[in-house]
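[1] Generate a structure from the sequence data that follows.
(chains A and B, ligands or ions: 2)
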Number of protein chains: 2
Amino acid sequence: MAAPVLSPSRRLRRTPFSDGVEAAGVRAYTVYNHMLLPTMFRSVQEDYRHLKEAVQIWDVACERQVELRGPDAGRLMQMLTPRDLRRMTPGQCYYVPIVDETGGMLNDPVAVKLAEDRWWISIADSDLLYWVRATAIGWRLDVLVDEPDVSPLAVQGPKADDLMAQVFGDSVSDIRFFRFGVFDFQGRDMVIARSGYSKQGGFEIYVEGSDIGMPLWNALMEAGRALDVHAGCPNLIERIEAGLLSYGNDMTDDNTPHECGLGRFCNTHTAIGCIGRDALLRVAKEGPVQQLRAIEIDGPPVPGCDRWWPLTANGKPVGRVSSAAWSPDFDTNVAIGMVRMTHWDPDTEIEVAAPDGLRKAIVRESFWL
Amino acid sequence: MAAPVLSPSRRLRRTPFSDGVEAAGVRAYTVYNHMLLPTMFRSVQEDYRHLKEAVQIWDVACERQVELRGPDAGRLMQMLTPRDLRRMTPGQCYYVPIVDETGGMLNDPVAVKLAEDRWWISIADSDLLYWVRATAIGWRLDVLVDEPDVSPLAVQGPKADDLMAQVFGDSVSDIRFFRFGVFDFQGRDMVIARSGYSKQGGFEIYVEGSDIGMPLWNALMEAGRALDVHAGCPNLIERIEAGLLSYGNDMTDDNTPHECGLGRFCNTHTAIGCIGRDALLRVAKEGPVQQLRAIEIDGPPVPGCDRWWPLTANGKPVGRVSSAAWSPDFDTNVAIGMVRMTHWDPDTEIEVAAPDGLRKAIVRESFWL
Ligand SMILES: Nc1nc2c(c(=O)[nH]1)N[C@@H](CNc1ccc(C(=O)N[C@@H](CCC(=O)O)C(=O)O)cc1)CN2
Ligand SMILES: Nc1nc2c(c(=O)[nH]1)N[C@@H](CNc1ccc(C(=O)N[C@@H](CCC(=O)O)C(=O)O)cc1)CN2
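    Numbers count the residues shown, from 1 in each chain, chains lettered A, B, ... in the order given. Ligands and ions are numbered 1, 2, ... in the order given. Prediction:
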């Protein structure tokens, strides 16, 4: 049977860069925040190799922004996350777990502090806008909550600095990791951060106004010709090697940040006002009983992981794999999975029930990159 | 260029019926509430013909439930919608617009009243769970808000009563429109309503517990052999003919229920406690300045509508089309679009900028079915 196609509809929103993505020959999509997200151009393996050697332009417009504006913006932001935001200054980005009143993860966005009274929350795949807006109303906060017309465009890969310098000037290279600056493109202000969903280095341009999307896309493509620039997208293999988590794949609202290995982004004692703080205090003290781990899976390349693959030890359940792919560079199958405490120590040998049968697997100390 | 495929991942959740859907040869999917929703089996036109003549089983598990349980469940439900719920009794279903504090539509679900203190909200494509839960917390309501393991399976088409009677007994036919009863299947209780996203008649079975999904699917397929039962799905052509709206396609949080022609489901004066009531009072009195309309589009079959198609009159913008398809039965292109007051009268001649050029269009008095 042929792989089912994705039915086009207005509900699956196009992005300001979709025309460019199609012209570049996109071959597969996913849907993320009700929007099209490319997943493959040449092949996942070719895209991977190219990402690690050159530079790619990624349409990640689906990383929508929730904008907070007003005197209570900072207070609301701290209600949403257990990460202590008191020392964060305008110009910084923070990776922030967002939790509900039970400490369950609702999203794992990047928070962008534009000013004391203005934030963007660059969200993963769930309608965080609904949570934030209902919270603002329920608590009668003095803040506006909206989805602005802002679409991130990522420039990722070892040659990202070279490419960006050609379009925005040499000073883009001064941007430090998870900081941003404001740069001009054709008379328009653009927030540019050194960040992105890969460990190959690069930038994210928060493109304000859909109309300027294709002009910027084309300018980057033009400028990057000598650098072998290509349209790309978040790469499944590379993001697993790098241990970059994916909300909805590796975790859901069933999981605490601590279970996701995001305890370092939780300051349960000082994040005063956070809705999930009380629930997380105990977890923070006692630690979780299961946690996401890097897992190496034996054998030939695994098929696509579209559902949990049970992890067992001597036939008993000890966890489940949520993401997996063959890694050419590490010559093994790389995976992310939730593993119970009894089996999460490095080098523990377990089994995984892959769709094509039981395979050996091993828990790793850390991710690959 | 070949149509882009949909990349499988755990984030695009499978349903309890996915194995059945795949065995039946699903050819296209969409994504709805982070879950796979089939859109085509044979072809959209063949599926349409068969739906109108026989009976189909639809995997609409993506119509997830938001469950409200507790003493404040009814109060919370009324906070969410401008429809007056005071006369609703257990055993009834209501189609309810859900609005934010500005009167903007957040979802257009079916509310199922199971008991005075227990409701299911059978949602369209947005994470209403986040809105409802944050509202419950912000207002300190005594209610639990969850997504239960409940997956609707629809049985639609003129022979739906025949098929259902074979599996659940003749008394299923006694269920009235938008009412439900509880029936047994293999020792399990199933909520069965006379409802569904077509105008061909039929039922929706709220399947509680994923494990019973495939047994039920198989039992219905078996029982329906002589009725030419087939796996089906919400059909684009039929739903436009019927004027069944699609959240995210035909309306977003920019629109009030009145703009969507859902004013008959708003009781702005009596829906006391509804969060959007104040904002809607004025709209209800003065009426909207634009409204969704049935639109007939001239010429050969239109291509897929994956973005707004502008509506104009003498070159001036008067609205936009959000859904469109060729209708074999009405021998024309049927469409849904938002039209400004100046041009919404029946038989008004306008133009639509379809991707393949400008076409004549005409505003209709009502939908086709
Ligand atoms: N705009 C922006 N928005 C996003 C993403 C992004 O990619 N960039 N990605 C999704 C959110 N999830 C993540 C996950 C990981 C990281 C990330 O970058 N993590 C680094 C750095 C974290 C830190 O040190 O603060 C790490 O090594 O884990 C960023 C967003 C959706 N929204
Ligand atoms: N479980 C269930 N859940 C659903 C849908 C469904 O389909 N059934 N569909 C989506 C919600 N949207 C609608 C839109 C229209 C109708 C509908 O059926 N309307 C009828 C009847 C309305 C009435 O008279 O109350 C009409 O003629 O307009 C139901 C759900 C998502 N959730």
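[2] C-alpha only now, for contacts and for neighbours.
    Will do.
[3] Spell out which residues of the stretch 101-250 of chain A are next to chain B.
    Contact residues, the stretch 101-250 of chain A versus chain B (CA under 8 Å from any CA of the partner chain): A:126-128, A:130-135, A:137-139, A:247-249.
[4] Among these, name the ones in helices.
    Taking DSSP state H as the definition of helices, those contribute A:128, A:130-135, A:137-138.
[5] what's the distance between the residue nearest to A:R118 when sequence neighbours are not counted and A:W120?
    Leaving out its chain neighbours, the residue that sits closest to A:R118 by CA to CA, 6 or more residues apart in numbering or on different chains is A:R69, at 4.6 Å. Between A:R69 and A:W120 the computed distance is 9 Å (CA to CA, to the nearest Å).
[6] So which of the two has more stuff around it?
    A:W120 (25 against 20; other CA atoms under 10 Å in any protein chain shown).
[7] Could you pull up the contacting residues of that one?
    By CA atoms under 8 Å, 6 or more residues apart in numbering or on different chains, the contact list for A:W120 reads A:65-68, A:111-114.
[8] And stretch A:136-146, what's buried?
    A:136-138, A:141, A:143-146 (16 or more other CA atoms under 10 Å in any protein chain shown).
[9] To clarify, my last question referred to stretch A:201-217.
    Buried-residue list, stretch A:201-217, by 16+ other CA under 10 Å: A:201-208, A:213-217.
[10] swap in stretch A:152-168?
    Buried, per 16+ other CA under 10 Å, within stretch A:152-168: A:152-164, A:167-168.
[11] Let me know how buried A:D278 is, in neighbour terms.
    16.
[12] wait, A:R133
    24.
[13] picking up where we left off before, can you narrow the ones in helices among the residues of the stretch 101-250 of chain A next to chain B to ones near ligand 2?
    When contact is defined as CA under 6 Å from any ligand atom, those do not meet ligand 2 at all.
[14] Identify, from those, the entry nearest to B:P97.
    A:Y130 (15.4 Å; CA to CA).
[15] my guess is that closest one contacts B:T135, does it?
    No - A:Y130 is beyond contact range of B:T135, at 9.6 Å (criterion: CA atoms under 8 Å).
[16] so who does the residue of chain A most remote from its centre touch?
    In chain A, the residue that sits farthest from the middle, by CA atoms, centre = their mean, is A:N314; the gap is 34.5 Å. Going by CA under 8 Å, 6+ apart, A:N314 touches A:I350.
[17] how about it, phi and psi?
    Phi and psi for A:N314, reported as degrees, to the nearest 10, are phi 50, psi 40.
[18] What separation is there between it and A:V352?
    Counting by CA to CA - A:N314 and A:V352 are separated by 11 Å.
[19] Repeat that for A:R64.
    A:R64 is 35 Å from A:V352, by CA to CA.
[20] out of these two, which sits in the more crowded spot?
    Neighbour totals were compared for A:R64 and A:V352, and A:R64 leads with 29 against 24 (other CA under 10 Å).
[21] Hmm, the more buried one is touching A:V150, no?
    Yes - between A:R64 and A:V150 there is a contact under CA under 8 Å: 7.1 Å.
[22] what about the strands in the stretch 1-150 of chain A?
    A:5-6, A:28-32, A:35-40, A:56-59, A:65-69, A:93-95, A:98-99, A:105-107, A:110-115, A:118-122, A:144-146, A:150-156 (DSSP state E, counting those that start in this stretch).
[23] Kindly reformat those strands as JSON lines containing mean pLDDT and distance to A:N267.
    Output for these, formatted as JSON lines (pLDDT from 0 to 100; distance: least, CA to CA, whole Å):
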{"stretch": "strand A:5-6", "mean pLDDT": "95", "distance to A:N267": "42"}
{"stretch": "strand A:28-32", "mean pLDDT": "98", "distance to A:N267": "29"}
{"stretch": "strand A:35-40", "mean pLDDT": "98", "distance to A:N267": "33"}
{"stretch": "strand A:56-59", "mean pLDDT": "99", "distance to A:N267": "33"}
{"stretch": "strand A:65-69", "mean pLDDT": "99", "distance to A:N267": "22"}
{"stretch": "strand A:93-95", "mean pLDDT": "98", "distance to A:N267": "13"}
{"stretch": "strand A:98-99", "mean pLDDT": "98", "distance to A:N267": "13"}
{"stretch": "strand A:105-107", "mean pLDDT": "98", "distance to A:N267": "15"}
{"stretch": "strand A:110-115", "mean pLDDT": "99", "distance to A:N267": "16"}
{"stretch": "strand A:118-122", "mean pLDDT": "99", "distance to A:N267": "19"}
{"stretch": "strand A:144-146", "mean pLDDT": "98", "distance to A:N267": "25"}
{"stretch": "strand A:150-156", "mean pLDDT": "99", "distance to A:N267": "28"}
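[24] and of these, who's closest to B:I237?
    Here strand A:5-6 is closest among the strands of the stretch 1-150 of chain A (CA to CA), at 17.3 Å.
[25] what's the closest one in contact with?
    In contact with strand A:5-6 (CA under 8 Å, 6+ apart) are residues A:29, B:3-6, B:27-30.
[26] can you check stretch A:181-197 too?
    Looking at what lies outside stretch A:181-197 - CA under 8 Å, 6+ apart - the contacts are A:91, A:93, A:154, A:156, A:167-168, A:172, A:175-180, A:201-208, A:216, A:234, A:239, A:244.
[27] what do you get for stretch A:81-95?
    A:78, A:96-99, A:108-116, A:178-181, A:193, A:265-268, A:270-272, A:274-277.
[28] and ligand 1, which of these contact it?
    Answer for those near ligand 1 (CA under 6 Å from any ligand atom): A:108-110.
[29] Nearest to chain B among the residues you listed?
    A:D108 (14.2 Å; CA to the nearest CA).
[30] Is that closest one in contact with A:S126, as I believe?
    No - shown here, A:D108 and A:S126 do not form a contact pair, counting by CA under 8 Å, at 9.6 Å.
[31] about what we covered before: among the ones next to ligand 1 among the contacts of stretch A:81-95, which one has the most neighbours?
    A:D108 (25 neighbours).
[32] tell me the contacts of the residue of the stretch 251-369 of chain A found nearest ligand 1?
    Closest contact between the stretch 251-369 of chain A and ligand 1, by CA to the nearest ligand atom, is at A:F265 (8.0 Å). Applying CA under 8 Å, 6+ apart to A:F265 gives the contacts A:82-83, A:95-97.
[33] Would you agree A:M40 is in contact with A:G25?
    No - A:M40 lies out of contact with A:G25 (CA under 8 Å); the separation is 9.1 Å.
[34] More neighbours: which of the two?
    A:M40 (26 against 15).
[35] and the more buried one, how far is that from chain B?
    9 Å (CA to the nearest CA, to the nearest Å).
[36] swap in A:H230?
    18 Å.
[37] what's around that residue, how many residues?
    20.
[38] same check, this time on the one 10 residues further on
    Counted with other CA under 10 Å, residues neighbouring A:I240 total 26.
[39] So what sits opposite A:A361 in the bridge?
    A:I297, A:I350 (DSSP bridges).
[40] looking at it, A:L292 is touching A:C260, isn't it?
    Yes - judged on CA under 8 Å, A:L292 makes contact with A:C260 at a distance of 5.2 Å.
[41] Those two - which one has more neighbours?
    Between A:L292 and A:C260, A:L292 has the larger neighbour count (other CA under 10 Å), namely 24 against 21.
[42] need the next SSE after the host helix or strand of that one, C-terminal direction.
    Using DSSP states H and E, A:L292 sits in strand A:290-297. Under the assignment DSSP H and E, the closest C-terminal helix or strand after strand A:290-297 is strand A:309-313.
[43] Work out the gap between stretch A:111-119 and the centre of the chain.
    19 Å (CA atoms, centre = their mean, to the nearest Å).
[44] ok, residues contacting that stretch?
    A:67-74, A:88-96, A:120-122.
[45] Put the alpha carbons of it into PDB.
    Output of stretch A:111-119 as PDB, limited to C-alpha atoms (Å, rounded to 0.1, in the frame of the first residue of the first chain):
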ATOM      1  CA  ALA A 111      10.500  32.200  26.100                       C
ATOM      2  CA  VAL A 112      11.800  35.400  24.500                       C
ATOM      3  CA  LYS A 113      11.900  38.500  26.800                       C
ATOM      4  CA  LEU A 114      11.400  41.500  24.500                       C
ATOM      5  CA  ALA A 115      10.900  44.000  27.300                       C
ATOM      6  CA  GLU A 116       9.800  44.000  31.000                       C
ATOM      7  CA  ASP A 117       6.200  44.100  29.800                       C
ATOM      8  CA  ARG A 118       6.400  42.100  26.600                       C
ATOM      9  CA  TRP A 119       7.200  38.500  25.900                       C
END
